[in-house]
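*Asks:* below are the sequence and a predicted model for it; my questions follow.
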Amino acid sequence: MHFIPSKLHCFTSMEKPFSPLIIFFIIFISDFPHLYSPYRLHPSITASTLVHRTHTAVSDFHVINRRTLFQCPDPNPFLQINVSKSSTLLSNEEFVAVIVSGVLVPMATDWIAMISPSHSNIGSCLGSKSFYVQTGDLSDLPLLCHYPVKAKYVSSDPTYLSCEKKDCRKYNKNGKCEIRTCSASVIFHVINIRTDIEFVFFAGGFHTPCVLKTTLPFKFSNPNAPLYGHLSSIDSSATSMRLTWISGDKKPQQVIYGNGKSQISQVTTFSQDDMCGSTFIPSPAQDFGWHDPGYVHTAIITGLQPSTIFNYKYGSDAVGWSDEIEFRTPPAGGSDELKFLVFGDMGKAPLDAAIEHYIQPGSLSVVKAMVEEMRNGSVDSIFHIGDISYATGFLVEWEYFLHLITPLASKVSYMTAIGNHERDYAGSGSRYVTPDSGGECGVPYETYFPMPTAAKDKPWFAIEQGSVHFTVISTEHDWTQNSEQYKWMTKDMESVDRSKTPWLIFAGHRPMYSSYNGLITVDSTFRNVVEPVLLANKVDQVLFGHVHNYERTCSIFKSECWAMPRKDENGTDTYDNGNYKAPVHAIVGMAGYGLEKFPSFAAGWSMKRISEYGYVKAHATRDNLMLQFVNSTRTVMDSFRITKSKIL
């Protein structure tokens, strides 16, 4: 049987967020640790805890690493945990069966954690507990130090609690079974994260965990393998592409493409010291959420032709090579046609139904639908506009996200915009003072997804593909008048040659309009500052994420409809930009994160509101820009078009 400690107090995950004044107080206390005393600690800890949980915590598992860790005085001599493998070596991807056996009394609170690195401290953490309060628990020391990559309750095997898998451990003299034990098998999806893995059997649930048994460590057969290659455009010519991938090897590698052409990679990485935090309360990225990212390789593939299919592979003879991959370059800026997908707020979800720090439940079905969309060659590029992986300081989750999008991002240009969950953190200089990035402050994002920006931590850029000019900004950096970004976006949009690229699309993460009534959905100051620039430069389409649903507006300015769409001969809402009035806005944050419902009443500027998972498919010619919201079953839920030909 298991010893199950009594439950301790824990906060709920739905506390209301604190005001900017309280957040300022947290930062003040954090930056002046000499003011600390046991009597001053409680208000700042409580405020930090509640703010952090409001923005990033979604389950009890989220704060498991800071629970009081009890010793399990389990006298059971039969208890075992094993992995059904003949080898202790792991491949780059596999589903691993973890078997617990010898259990005398199965409990609903029994669970298995996947821990990496295997030498992590799963015993006790003897540091000051004030360092660890940000994600939520004020338990006494000792505390569980290391954050599990993922976990599963043993009861996910439906035979466990009913003990359908029995073994007799002792027979009496009459040959009858005197002691029976129970067993179960739990499946984990494992990808190559380079560091060793062990599986740990816990009792007590996530509130009062104690360690029962651990497996031997399992190593990856090739921790230096080149993995998760993804492409992005570096300019509007479409004659060069950037390929980015991860490896455990810091030596330069190669990409081989076309008819034997090759390029050498540049190698970079980042460390805990690059993450944001404070001396008083370290961020998850600096502390228990840290995972070594290995080395990030980038290589520029040159000498390409626009709208052309090429093959490539990456790696080296020393560490091995990726499979050969077929990719398609986007059309050059100024050409006649572009087909692209756009969405925000996707993240990732586990393929094994495990519990993880942060899960975006719609991401799997949306990725699957987009992969099917790409199979007929009807996608030239992809734009993911903010809230990319939702790792939020738990770095291993970036790699699970990269694994998820590889079937997409390895085959077409995958362009991104930064969101609050990549950048924002108190004291980092973010426009919004929230802990949403978990201390990442844009560093992992910009390392994994280098865009054609002017410099680090200036994540705004412009790119032209086909008949479209894209102006992509960071809503998380300063966009006020006279800021560097404001001057850049104004100059960029003023310089667009509409005879070359007749369509101007403006994209970022946080929206200017939304019918959703959630906290800080719309920043009216952002709208008041930037919206006049959009109107002055006759922006056709504005694309935002952040709100987790789909919504389309009229041609809008200052919350008023300056023009309404009309139905064409096919019944499709059509906006006449041959007689331009104002931009059309679309919220496309429905690609994975839990959906947000609309109120029963909406303003007259809201033309369409859909709370379903999906993505937007766009087709731009020189005269028409058609956009369709496609749900995760590939059903078109909304269609609209903008035309340069005046509607009679």
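*Replies:* The structure has been received and is ready for your questions.

*Asks:* next one: residue 302 from residue 374, what distance?
*Replies:* 24 Å (C-beta to C-beta, to the nearest Å). Heads up, the C-betas are built off the backbone N, CA and C, glycines and all.

*Asks:* more crowded one of the two?
*Replies:* The residue with more neighbours, out of residue 302 and residue 374, is residue 374; 18 against 13, by other C-beta atoms under 10 Å.

*Asks:* hey, where'd the strands end up in the stretch 451-600 of the chain?
*Replies:* Assigned by DSSP state E, counting those that start in this stretch, the stretch 451-600 of the chain shows strands spanning 461-465, 468-472, 503-507, 541-544, 550-557, 560-563, 566-567, 573-576, 584-588.

*Asks:* same list, the ones you listed, but as TSV with mean neighbour count please.
*Replies:* Below are the strands of the stretch 451-600 of the chain laid out as TSV (neighbours: other C-beta atoms under 10 Å):
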stretch	mean neighbour count
strand 461-465	24
strand 468-472	26
strand 503-507	23
strand 541-544	25
strand 550-557	24
strand 560-563	16
strand 566-567	10
strand 573-576	21
strand 584-588	27
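
*Asks:* quick check, central residue of this structure?
*Replies:* With distances taken as C-alpha atoms, centre = their mean, residue 389 lies nearest the centre of the chain, 1.1 Å away.

*Asks:* how about residue 371, secondary structure?
*Replies:* Assigned with DSSP: H, G, I helix; E, B strand; the rest coil, residue 371 falls in the helix class.

*Asks:* what about the closest residue to it other than its chain neighbours, neighbour count?
*Replies:* Closest residue in space to residue 371, ignoring its immediate chain neighbours: residue 407 at 4.9 Å, by C-beta to C-beta, 6 or more residues apart in numbering. Neighbour count for residue 407, taken as other C-beta under 10 Å: 14.

*Asks:* would you verify that residue 407 is located in a helix?
*Replies:* Yes: assessed with three-state DSSP, residue 407 lies in a helix.

*Asks:* one step back: take the strands of the stretch 451-600 of the chain and lay them out in JSON lines including mean pLDDT and distance to residue 485.
*Replies:* Listed next are the strands of the stretch 451-600 of the chain as JSON lines, based on pLDDT from 0 to 100; distance: least, C-beta to C-beta, whole Å:
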{"stretch": "strand 461-465", "mean pLDDT": "98", "distance to residue 485": "11"}
{"stretch": "strand 468-472", "mean pLDDT": "98", "distance to residue 485": "11"}
{"stretch": "strand 503-507", "mean pLDDT": "98", "distance to residue 485": "13"}
{"stretch": "strand 541-544", "mean pLDDT": "98", "distance to residue 485": "16"}
{"stretch": "strand 550-557", "mean pLDDT": "98", "distance to residue 485": "21"}
{"stretch": "strand 560-563", "mean pLDDT": "98", "distance to residue 485": "26"}
{"stretch": "strand 566-567", "mean pLDDT": "96", "distance to residue 485": "36"}
{"stretch": "strand 573-576", "mean pLDDT": "97", "distance to residue 485": "28"}
{"stretch": "strand 584-588", "mean pLDDT": "98", "distance to residue 485": "20"}
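
*Asks:* in TSV: those, plus distance to residue 380.
*Replies:* Conversion of these to TSV gives the following (distance: least, C-beta to C-beta, whole Å):
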stretch	distance to residue 380
strand 461-465	7
strand 468-472	10
strand 503-507	14
strand 541-544	16
strand 550-557	22
strand 560-563	29
strand 566-567	28
strand 573-576	23
strand 584-588	18
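
*Asks:* looking at the ones you listed, which is nearest to residue 218?
*Replies:* Closest approach to residue 218 among the strands of the stretch 451-600 of the chain is made by strand 584-588 (40.1 Å; C-beta to C-beta).

*Asks:* partners of the closest one in the sheet?
*Replies:* Sheet pairing of strand 584-588 (DSSP bridges) gives strand 541-544 (parallel), strand 550-557 (antiparallel).

*Asks:* got the angle for it vs strand 503-507?
*Replies:* 50 degrees (axes from the mean of the first three to the mean of the last three C-alpha atoms, to 10 degrees).

*Asks:* list the pairing partners of the next helix or strand after strand 584-588 within its sheet, with orientation.
*Replies:* Going down the chain from strand 584-588, the next helix or strand is strand 606-610, by DSSP states H and E. Strand pairing for strand 606-610, using DSSP bridges, gives strand 550-557 (antiparallel).

*Asks:* now do the closest residue to the residue nearest to the centre of the chain other than its chain neighbours against residue 316, distance only.
*Replies:* Sequence neighbours aside, residue 401 is the residue nearest to residue 389 in space, at 3.6 Å (criterion: C-beta to C-beta, 6+ apart). Here residue 401 is placed at a distance of 25 Å from residue 316 (C-beta to C-beta).

*Asks:* ditto for residue 198
*Replies:* 30 Å.

*Asks:* quick one on the thing from earlier: per-residue confidence at the residue nearest to residue 371?
*Replies:* On the pLDDT scale, residue 407 is placed at 97.

*Asks:* and residue 86, how many neighbours?
*Replies:* Neighbours of residue 86 (other C-beta under 10 Å): 6.

*Asks:* read off the pLDDT value for it.
*Replies:* pLDDT at residue 86 comes out at 85.

*Asks:* let me know the distance separating it from residue 549.
*Replies:* Residue 86 is 48 Å from residue 549, by C-beta to C-beta.

*Asks:* now do the strands in the stretch 301-450 of the chain.
*Replies:* Going by DSSP E, counting those that start in this stretch, the stretch 301-450 of the chain shows strands at 309-316, 320-321, 325-328, 338-343, 381-385, 413-417.

*Asks:* now the strands: where do they sit in the stretch 51-200 of the chain?
*Replies:* Under DSSP E, counting those that start in this stretch, the stretch 51-200 of the chain gives strands at 70-71, 80-83, 89-90, 93-103, 111-115, 150-153, 166-171, 177-191, 198-203.

*Asks:* among those strands, which is nearest residue 378?
*Replies:* Per C-beta to C-beta, nearest to residue 378 of the strands of the stretch 51-200 of the chain: strand 93-103, 27.9 Å.
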